[in-house]
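Q: This is the structure alone, sequence omitted:
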């Protein structure tokens, strides 16, 4: 959890808050179909709840933030370009919203999805 002290008190930023910002940034990126569960347990929990943090892992190391993103990409797009766009978008949106430094954004491509050709 990130913490900042001000003259009025302290500010605590929860990992779920960072995950919510990252979630929106990922879904707005061209070529991303959705987020994928990190493991089987998360996949089962995802069917029960609709929590936006699924497919994202946020870790704090002092003032630095590490974010893991598990995505499903549209078939036919350049995977490397989409993954770089996801990383840049997440980094920009989180740093802009929170003013904290992002150490790393790791993008894991969990699969490709073919859309209907209609």
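A: Yes, it's here. As the structure is a computational prediction, the values presented were derived from the model and not from experiment.
Q: mind checking which helix or strand residue 19 is in?
A: Residue 19 is located in helix 15-27, with elements delineated by DSSP states H and E.
Q: Flag every buried residue along that helix.
A: Within helix 15-27, the residues that qualify as buried are 15, 17-23, 25-26, counting by 16 or more other C-beta atoms under 10 Å. To be clear about C-beta, it is placed using only N, CA and C from the backbone, and glycine gets the same treatment.
Q: Nearest to the middle of this structure, which residue? Look it up for me.
A: residue 22 (4.0 Å; C-alpha atoms, centre = their mean).
Q: Can you report how many residues lie near residue 12?
A: Residues contacting residue 12 under the criterion other C-beta atoms under 10 Å number 10.
Q: So it sits against residue 18, correct?
A: No - Residue 12 sits out of contact with residue 18 when judged by C-beta atoms under 8 Å, with a separation of 11.8 Å.
Q: between those two, what contacts are shared?
A: Both residue 12 and residue 18 are contacted by residue 2, under the criterion C-beta atoms under 8 Å, 6 or more residues apart in numbering.
Q: Just want the angle from the longest helix along the chain to helix 15-27.
A: What stands out as the longest helix in the chain, according to DSSP state H, is helix 79-98. Taking axes from the mean of the first three to the mean of the last three C-alpha atoms, to 10 degrees, one finds helix 79-98 and helix 15-27 inclined to each other by 140 degrees.
Q: max-length strand in this structure?
A: Across the chain, the longest stretch assigned as strand under DSSP state E is strand 101-113.
Q: Contacts for it next, please.
A: For strand 101-113, using C-beta under 8 Å, 6+ apart, the contacting residues are 33-34, 36, 61, 63-75, 79, 83, 86-87, 90-91, 94-95.
Q: filter the residues you listed to the buried ones?
A: Among those, those buried by neighbour count (16+ other C-beta under 10 Å) are 33, 36, 65, 67-73, 83, 86-87, 90-91, 94.
Q: Widest-spaced pair of those?
A: Greatest spatial distance in the buried ones among the contacts of strand 101-113: 33 and 65, 25.1 Å, computed using C-beta to C-beta.
Q: ok, residue 79 touching residue 73?
A: Yes - counting by C-beta under 8 Å, residue 79 does reach residue 73; the two are 5.9 Å apart.
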